[in-house]
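>>> here is the input, now give the coordinates:
(chains A and B)
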Amino acid sequence: MTSRIILTVTRVLFPFILLFGIYIIIFGHLSPGGGFQGGVILATAIMLVIVVYGHRRFQRFVPYLLFIEIIGVILFILIGVSGIASGKQFLVNLGTIPLLNIIIGVKVFSGLVLMYLFLSKWEIKND
Amino acid sequence: MKIEVVKRFAVVCVLSLFGIIIITSTMLTYSTNFTSEISEYCLENLSLTGAINVVCAILLDFRAYDTLGEVLIIFVTISGVVLLAGRKK
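Predicted coordinates:
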């Protein structure tokens, strides 16, 4: 059982951690940060909620997260191919740095949450 | 009694060796000049990429293949986790 203090602090902190992660991702090309770091911060927010409320009620989000993961890889490669389509090399920069940051952030977020959800299935029961 | 002493001595030796390695490598890192032609090239052509953050410009423009590999590594890791830990008990 989680205490009331942890529940309240989680409820207060959760939107701010999400906001900070999104800020790190979107301003990745202007300030320190980037897709990977922001994605990890977003994943820690979701992990906090999973730790506090138990992982069982979050297991139904696994297919959606897998879908996001696969779509992220495909979008990254498609952006690379768009460089070829414009007559230059693969993954050439066409002003796509923020877009790539957002894709990497979403992908890292879904990947880390997926890993945590799968590994938390194998918990040791202390009851 | 004697084995305990030997064990403690070995632990102290290993830890002090580790500390010496860390300190010397840090000092070597700070005293070495890393500016080469590549870093100067990256700094000079930063305005072409459209990004102010140098790390982001290198990751997503100059070394974008590296980032593609990183993305694929995360994807393969997730595939392995799903394959190994995703089955029903």
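>>> and for A:Leu112, the neighbour number?
20 (other C-beta atoms under 10 Å in any protein chain shown). In short, each C-beta sits where N, CA and C put it, glycine included.
>>> could you tell me which residues of chain A lie near chain B?
With the criterion set to C-beta under 8 Å from any C-beta of the partner chain, chain A comes near chain B through A:28-34, A:36, A:66, A:69-70, A:72-73, A:76-77, A:80, A:91, A:93, A:95-97, A:100-101, A:104, A:107-108, A:111, A:114-115, A:118-119, A:121-122.
>>> of these, just the buried ones, PyMOL syntax please.
A single PyMOL command selects the buried members of the residues of chain A next to chain B (16 or more other C-beta atoms under 10 Å in any protein chain shown):
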select buried, chain A and resi 28+29+33+34+36+66+69+72+73+76+80+91+93+96+97+100+101+104+107+108+111+114+115+118
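>>> where does chain B have low pLDDT?
For chain B, applying pLDDT under 70 flags the ranges B:1, B:87-89.
>>> would you map out the domains in it?
B:1-32, B:37-89 (automatic domain parsing).
>>> what does chain B put close to chain A?
Checking chain B against chain A by C-beta under 8 Å from any C-beta, the hits are B:48-53, B:55-57, B:59-61, B:64-65, B:67-68, B:70-72, B:74-75, B:77-78, B:81-82, B:85-86.
>>> any weak-confidence spans in chain A?
In chain A, residues with pLDDT under 70: A:1, A:126-127.
>>> and the residue nearest the centre of it?
In chain A, the residue lying closest to the centroid (C-alpha atoms, centre = their mean) is A:Phe109, at 1.3 Å.
>>> and if you look at chain B?
B:Glu70 (12.7 Å).
>>> contact partners for that one?
By C-beta atoms under 8 Å, 6 or more residues apart in numbering or on different chains, B:Glu70 lies in contact with A:Phe36.
>>> rerun at 10 Å
A:Gly35, A:Phe36, A:Ile104, A:Val108, B:Leu59 (C-beta atoms under 10 Å, 6 or more residues apart in numbering or on different chains).
>>> all the helices of chain A, in order from the start?
Per DSSP state H, chain A carries helices over the ranges A:4-26, A:35-53, A:62-85, A:97-119.
>>> and the third one, what does it pack against?
Other elements packing on helix A:62-85 under the criterion 3 or more C-beta pairs under 10 Å, 6 or more residues apart in numbering or on different chains; DSSP states H and E are helix A:97-119, helix B:64-85.
>>> Serialize the ones you listed to TSV and add fields for distance to A:Val62.
Output for the helices and strands packed on helix A:62-85, formatted as TSV (distance: least, C-beta to C-beta, whole Å):
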stretch	distance to A:Val62
helix A:97-119	6
helix B:64-85	9
